[in-house]
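> 3D, please:
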Amino acid sequence: PELELRDARGGLRASLSAPAAGFVELAGVDEARGLAWFTACGDDPTQERLFRVPLAGGPAVEVPVEQGPAQVSAALSEDGARLLVTSAAERRMPRTAVHATDGARLLELPSVAIEPPIGIRPGLRKVGPGAGFWATVVRPAGFEPGRRLPVILSVYGGPGPRAWPLHGAARQATRRLLDQ
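Residues are numbered from 1 along each chain as shown. Have a look, this model is predicted:
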């Protein structure tokens with residue numbers, strides 16, 4: 001997927017992000033300034049980053065809002081002056097902050113979320129031949145190698161960090177795995 005600019009009849013005016021950018025979601029458009037903001041994950045669906053691109057064409061520029069790998073979602077304010085950014089990292093609860101359009105953090109919104117008392121350590125892996133598939137393995141606290149445990153399957157719906165509920169064949173395959 002990519003971000004495209006189209007005319008009133010649906011004709012393509014410009015491609016604002018190459019397919020390789022891994023476009024995930026439009027954060028907003030500021031027509032007055034001629035800019036669009038979007039999130040993308042490139043070839044690594046384990047993290048998303050925020051980008052700004054001119055509507056007239058030109059390269060997308062990363063807007064730094066998070067240090068280290070994280071899942072990022074954003075929304076541009078109606079006046080185009082601020083971004084509301086929520087980020088979630090592997091070992092911490094999601095956080096939401098207001099940022100300037102250059103990425104500078106202006107204010108972090110208070111949260112009532114409580115960090116889980118048990119450390120969750122998901123293992124991210126790319127599996128399979130060729131392009132392969134991304135998988136996350138989450139083991140319970142006190143995991144013992146060799147011990148049989150139930151499996152919970154969550155299907156990745158790409159191209160961003162999206163999961164889909166199990167339907168049809170996937171649900172049957174999960175039942176067979178659990179019955180073994």
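> S77 touches L84, doesn't it?
Yes. Under the criterion of Cβ atoms under 8 Å, S77 lies in contact with L84, with a separation of 7.3 Å. Glycine gets a C-beta too; all of them are placed from N, C-alpha and C.
> and the two? which has more neighbours close in?
Set side by side, S77 and L84 show more neighbours around L84, with 16 against 13, by other Cβ atoms under 10 Å.
> list the contacts of that one.
The neighbourhood of L84, defined by Cβ atoms under 8 Å, 6 or more residues apart in numbering, consists of A74, A75, S77, T96, A97, V98, H99.
> quick check: pLDDT value at the fifth one.
Taken from the predicted model, the pLDDT recorded for A97 is 91.
> kindly report the same for the first one.
Reading off the confidence values, A74 has pLDDT 91.
> give me the element it is part of.
strand 71-76 (DSSP states H and E).
> which ones are touching R33?
When the contact criterion is Cβ under 8 Å, 6+ apart, the partners of R33 are G80.
> so how far is P54 from V63?
For V63, the distance to P54 under the criterion Cβ to Cβ, to the nearest Å works out to 13 Å.
> out of those two, which sits in the busier spot?
V63 (22 against 15).
> just checking, that one touches A40?
No. Using Cβ under 8 Å as the test, V63 is too far from A40 to be in contact (11.2 Å).
> please enumerate the shared neighbours of those two.
What both V63 and A40 touch, as defined by Cβ under 8 Å, 6+ apart, is the set F51.
> so where's this structure uncertain?
For the chain, applying pLDDT under 70 flags the ranges 91, 119-121, 154-180.
> let me see the ranges of the strands in it.
Listed in chain order, the strands of the chain (DSSP state E) span 4-6, 12-15, 23-30, 35-40, 49-54, 61-62, 71-76, 82-89, 92-100, 105-108, 123-127, 133-137, 155-156, 163-164.
> what residues are up against the residue nearest to E108 when sequence neighbours are not counted?
Counting by Cβ to Cβ, 6 or more residues apart in numbering, A97 is the residue found nearest to E108 once chain neighbours are left out, at 4.4 Å. With contact taken as Cβ under 8 Å, 6+ apart, A97 is in contact with V65, L84, V85, S87, R105, L106, L107, E108, L109.
> how about a markdown table for the residues you listed, with distance to F143 added?
Conversion of the contacts of A97 to a markdown table gives the following (distance: Cβ to Cβ, whole Å):
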| residue | distance to F143 |
| --- | --- |
| V65 | 34 |
| L84 | 37 |
| V85 | 34 |
| S87 | 28 |
| R105 | 36 |
| L106 | 41 |
| L107 | 39 |
| E108 | 34 |
| L109 | 35 |
